[in-house]
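A.B. asks: The sequence and its predicted three-dimensional model are supplied below.
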Protein chains: 2
Amino acid sequence: MADVTLHDVARASGCSVSTVSRVLAGSRPVGAATAARVRQAVEDLGYRPNHVARALRSRSTGTIGLVLPQITNPFYPTLVRELTYALHADERAVLLADCDDDPKAEAGHISALLDRQVDALVVIPAHEQHSRTAVAAAAARVPLVLLDRGCGPGVADSVAVDNAAGMALVLDHLAAEGRRRLCFVGASGTASAAAERRTAYEAGAGALDPEAPGRVALGDFSVAWGRAAVDRIWTERAAAQRPDALVCANDLIAVGALQRLRQLGADVPGEVAVTGFDDIPLADLADPAVTTVRQPVAELAAEAARLLDRRPVSEQAGPRRSIRLAPRLVVRASTGRSSASHTPKSAPATRPETESAQ
Amino acid sequence: MADVTLHDVARASGCSVSTVSRVLAGSRPVGAATAARVRQAVEDLGYRPNHVARALRSRSTGTIGLVLPQITNPFYPTLVRELTYALHADERAVLLADCDDDPKAEAGHISALLDRQVDALVVIPAHEQHSRTAVAAAAARVPLVLLDRGCGPGVADSVAVDNAAGMALVLDHLAAEGRRRLCFVGASGTASAAAERRTAYEAGAGALDPEAPGRVALGDFSVAWGRAAVDRIWTERAAAQRPDALVCANDLIAVGALQRLRQLGADVPGEVAVTGFDDIPLADLADPAVTTVRQPVAELAAEAARLLDRRPVSEQAGPRRSIRLAPRLVVRASTGRSSASHTPKSAPATRPETESAQ
DNA sequence: TTGAAAGCGCTAACAG
DNA sequence: CTGTTAGCGCTTTCAA
């Protein structure tokens, strides 16, 4: 049934195995009549090429390894979906490995994937520093793209959202809505998302209020921290001292903040606006729905897929490429003095905004 | 570097390739001294076996295909994580394919995975009926386990939660909390989760209130339907006619219901309790947090992994196995007349409750 | 206990 | 344009 080989097809169509191979691969011109006979035989016998044999001989498995820190991080399922779509469209299969936020496990998975002869790797590194060695070693062997998170400069090609641009969208929007007493609820740590978003806030918020860049609370990227931050920010200040907008470094923080604010009886968005970042599904489900920055997930995935190709023969050649895609603002009920959500005033930008080699 | 082959190791350790192969595979006894030399050479040269060549020769890739309907369904990331853990622990790699709820795409992915010579398949079928042919065809070629959802009787081995047991836990809990006017908010369709949960509700609710089994609203497994259901159930009835508990067929519905209830000013859980099913992360984030039925995700994954092995040589042999695992109740604030969450009164059951061949 | 040899199914030179 | 011939790197008979 499925044990039909190239030889069987060759015999059935009265030509040699190489000819059949050529017809199937289109690697070289083949006579029209022969090609037709071959195709007929393929059809008749129900021939299916054996990818393992093909991989052994051609030194290409058509398989990409995807290593991520935690598939349960609510931002990743969408990214994984888009990435698999992009790769499958290109006839490439995806080997998945979840390393549970552990750089050791991550290193193990990376080397297991290399042993399995993946053509390339997409890695969302678990840790800015501790992932570096394994990633660098792998990047020396196969094309490797860092997705969503960085891993130090020059380690590998990378694709991520333009965090600074996203934060600027938020600040513009809040300014337009008349918010002035901003406060940033972010995450400590050196991971690119944490650092870049915070820096962008500090750089941009001063235009609204000289005090704003100093109002920064740092925890981690969790709902729990969002709640805790509100306890600190809201409870410990007199009403007049409270911010009129909480700029959260991601949606989870925003959702936690929102929850606690409601429990404390604060009026969102009347009294205080709340913004997030990422646009995970939860952002739209919160009550009120969270104004946030939507990452161009499909485009990030597509760019990653594209980068995997563009390391032709000389894998080591060329500078590392670092691609940043512009996000777009999604305005929902958690900001806006008025009523429900309205359309974003910033035009969506789905194509690369900056593409720089470093 | 990575181009070290068995031959190199053989040469370096002064023996034949077959001996080296035996040492590495442990397939046959090898002299202690020789074995030591071989291992040393492996170490020195940094030899890494080529899985592709191994697969071609041994007709086993050590790779499992995982096909699912939508990785963005919030219940699946955890399942995927546990399944990959279980399989990786066993040195098996996982090829992932998301079919976007489309049985056509699903069939395509299944056959692509078979072409890639996966050793076995884990399929979460996209559709009870339309997935059948492709699944049955694949099951005839490799070991195949249906996970979470069924696909008609006798098609393949399957592993899923015991929906009836889960619903019974909910009903018991609500009864103990003194709820009597129950209403079920479920999903239409024949998918096992939808049908079994509804049937179990209808079978069990009568003990509390003869009217309860008749109070059933059917939509789909979404937040939107949860909201819409409350609009129907709550708005269209006089206060005295309203249910004192909404039994939702999954957590998404429960979250939607909760949202709308709050918007309508209803008191949850004082006036009405709300329960979910699955225990997705969102259930704990909702406000109030949702009492729900936790699926034994790790155990489901482990059982699936186990079933993949147990089809020894004669793949066709033996009856289809259908494994159902007992879930456990997680009590949170959305039920309970009193205050916060307390520990479940039903004992957790993580081992197979029923294992039946059909 | 070990080695030699024969392939797994396919692609890629190399000749015609 | 097509066929012949080598292998890809490994496992597994079959002999010794």
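C.D. replies: Sure, I can see it.
A.B. asks: you'd agree A:Val122 is in a strand?
C.D. replies: Yes: going by DSSP: H, G, I helix; E, B strand; the rest coil, the assignment for A:Val122 places it inside a strand.
A.B. asks: Looks to me like A:Ala97 is in a helix.
C.D. replies: No: with three-state DSSP as the criterion, A:Ala97 is located in strand rather than a helix.
A.B. asks: if I pick it, what's in contact with it?
C.D. replies: Counting by Cβ atoms under 8 Å, 6 or more residues apart in numbering or on different chains, A:Ala97 touches A:65-68, A:109-110, A:112-113, B:84, B:88, B:93-94. Quick note: C-beta positions are derived from backbone N, CA and C, even for glycine.
A.B. asks: That one and DNA strand C: what is the separation?
C.D. replies: 26 Å (Cβ to the nearest atom of the strand, to the nearest Å).
A.B. asks: Most neighbours of all the contacts of A:Ala97, which one?
C.D. replies: A:Val67 (29 neighbours; other Cβ atoms under 10 Å in any protein chain shown).
A.B. asks: That one reaches A:Leu114, doesn't it?
C.D. replies: No: using Cβ atoms under 8 Å, A:Val67 is not in contact with A:Leu114, being 10.9 Å away.
A.B. asks: Between these two, which contacts overlap?
C.D. replies: A:Leu121.
A.B. asks: Restricted to strands, list the contacts of A:Ala97.
C.D. replies: A:65-68, B:93-94 (DSSP state E).
A.B. asks: Check those residues and tell me the two furthest apart.
C.D. replies: A:Leu68 and B:Ala93 (14.7 Å; Cβ to Cβ).
A.B. asks: For the stretch 51-200 of chain A, what lies in contact range of DNA strand D?
C.D. replies: By Cβ under 7 Å from any atom of the strand, the residues of the stretch 51-200 of chain A that approach DNA strand D are A:53, A:56-57.
A.B. asks: Next up, the contacts around the closest residue to A:Asp148 other than its chain neighbours.
C.D. replies: Spatially, and ignoring its direct neighbours in sequence, A:Asp148 is nearest to A:Ile124 (5.0 Å; Cβ to Cβ, 6 or more residues apart in numbering or on different chains). Taking Cβ under 8 Å, 6+ apart, we find A:Ile124 in contact with A:67-69, A:76, A:79, A:146-149.
A.B. asks: ditto for A:Asp244
C.D. replies: With Cβ under 8 Å, 6+ apart, A:Asp244 has these contacts: A:179-182, A:271-273.
A.B. asks: With adjacent residues omitted, what lies nearest to it?
C.D. replies: Among residues not flanking A:Asp244 along the chain, A:Arg181 sits closest, at 4.6 Å (Cβ to Cβ, 6+ apart).
A.B. asks: how many other residues sit next to that neighbour?
C.D. replies: 16.
A.B. asks: Kindly report the same for the one 3 residues further on.
C.D. replies: Using other Cβ under 10 Å, A:Phe184 has 25 neighbouring residues.
A.B. asks: On the three-state scheme, it is what?
C.D. replies: strand.
A.B. asks: That one is in contact with A:Ala194, isn't it?
C.D. replies: No: assessed by Cβ under 8 Å, A:Phe184 is found out of contact with A:Ala194, at 11.3 Å.
A.B. asks: For these two, list the residues in contact with both.
C.D. replies: With Cβ under 8 Å, 6+ apart, A:Phe184 and A:Ala194 have common neighbours A:Ala249.
A.B. asks: need the contact list for the nearest residue to A:Leu325 once chain neighbours are set aside.
C.D. replies: Excluding the flanking residues, the one nearest A:Leu325 by Cβ to Cβ, 6+ apart is A:Pro296, at 4.9 Å. A:Pro296 makes contact with A:161, A:325-328, A:350, according to Cβ under 8 Å, 6+ apart.
A.B. asks: From chain B, how far out is A:Pro296?
C.D. replies: 16 Å (Cβ to the nearest Cβ, to the nearest Å).
A.B. asks: likewise A:Pro288?
C.D. replies: Note on A:Pro288: its distance to chain B, by Cβ to the nearest Cβ, is 10 Å.
A.B. asks: number of nearby residues for that residue?
C.D. replies: A:Pro288 - counted by other Cβ under 10 Å - has 18 other residues nearby.
A.B. asks: Give me the buried subset of the residues of the stretch 51-200 of chain A next to DNA strand D.
C.D. replies: A:53, A:56 (16 or more other Cβ atoms under 10 Å in any protein chain shown).
A.B. asks: The residues of the stretch 51-200 of chain A next to DNA strand D: which ones sit near chain B?
C.D. replies: A:53, A:56 (Cβ under 8 Å from any Cβ of the partner chain).
A.B. asks: Just to be careful, could you list which of the residues of the stretch 51-200 of chain A next to DNA strand D are in helices?
C.D. replies: Cross-referencing these against helices under DSSP state H gives A:53, A:56-57.
A.B. asks: can you put those in TSV and add distance to B:Pro281 and pLDDT?
C.D. replies: TSV is the format used below for these (distance: Cβ to Cβ, whole Å; pLDDT from 0 to 100):
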residue	distance to B:Pro281	pLDDT
A:Ala53	43	96
A:Leu56	42	96
A:Arg57	45	95
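A.B. asks: Fine by me, thanks again.
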